[in-house]
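Q: 3D model of this:
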Amino acid sequence: MKKITAFVVIAALFTGIGIYFGVKRLQPSAPADTAVAALMQVSMKDSAGKQRKMSEWQGKVLVLNFWATWCPPCVSEMPELVALQNDFGSKNVQVVGIGIDSPSNIREFAEKHQITYPLLLGGLEGSELSKQFGNESGGLPFTLLIGADGSVRKSYMGRLDMQQVRTDLSSL
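A: The predicted structure is shown next:
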C-alpha cells in the first residue's frame, strides 16, 4: 500500500512538472530589448479601425516601418514591403506599418493602394515610438528589423534597399 501511495505521489509530481514546463514553453518569452518590451505593450487602431496590440506579433520577426502618406520615399517602398510580406510571411515574418499621419489619410491610402500588411494609426505616438528606437530626428521612412527574440537586429533610415532587407531577413 505504501508503494502504491508513493508511486501516485511521484506520478502526480511529475505530471505537474510536465504541465508547468509545457505551458511555459508555449508562452512567448519577454523581448530582449527594453524598447521592444515597451513596444509590445502598445495598442493602436489599424487602417480599418480595429484596435491592434503589438504583442500579437511577439515571437515573430518584425519589419516595423514608420511612414507617412506625404513622404514620397515611404510611398514608393510600400509595394516592395507588400511583396516582402508575401514572400516571408510563411517564414514567421510580419511587416507592420506605423503611420505618422492623420487617421483619415492612412485609411484612404490603405484602401487606394490595397496594402496587405497591417497599417497602424500611430500619429504623434508613432513618432515618439520611433525616437525610442534611435530616430531622434524623426526622419521617415524609418524601419526596424526586430528578431523573434525581441532584439533590434537592424535599423534603416530612408528608403529601403530591399535586397539588403531580404539578405538581413534570410540571415535570421
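
Q: pretty sure Met54 is touching Leu39, no?
A: Yes - applying C-beta atoms under 8 Å as the test, Met54 and Leu39 come out as touching, 5.4 Å apart. All C-beta spots, glycine's among them, are computed from the backbone N, C-alpha and C.

Q: which of these two has more neighbours?
A: Set Met54 next to Leu39 and count neighbours by other C-beta atoms under 10 Å: Leu39 wins out with 24 against 21.

Q: and the spatially most central residue of the chain, how far is that from Asn105?
A: Of all residues in the chain, the one closest to the mean position by C-alpha atoms, centre = their mean is Leu62, 4.0 Å from it. Distance, Leu62 to Asn105, using C-beta to C-beta, to the nearest Å: 23 Å.

Q: Which stretches in the protein count as helices?
A: Secondary structure of the chain, counting by DSSP state H: helices at 2-26, 34-39, 72-88, 103-113, 123-132, 162-171.

Q: looking at the ones you listed, which has the lowest confidence?
A: Among the helices of the chain, helix 2-26 has the lowest mean pLDDT, at a mean of 54.

Q: Could you list the domains of this protein?
A: 1-30, 34-171 (automatic domain parsing).

Q: Could you give the number of residues near the nearest residue to Ile98 once chain neighbours are set aside?
A: Residue nearest to Ile98 in three dimensions, not counting chain neighbours: Gly122, with 3.9 Å by C-beta to C-beta, 6 or more residues apart in numbering. By the measure other C-beta under 10 Å, the count of residues near Gly122 is 24.

Q: What of Ala38?
A: 13.

Q: What of the one 3 residues further on?
A: Applying the criterion other C-beta under 10 Å, we find 9 residues in the vicinity of Gln41.

Q: roughly how far apart are the residue nearest to Ile106 when sequence neighbours are not counted and Glu111?
A: The shortest distance from Ile106 to any residue other than its chain neighbours is 4.2 Å, reached at Gly99 (C-beta to C-beta, 6+ apart). From Gly99 over to Glu111 the distance is 13 Å, taken as C-beta to C-beta.
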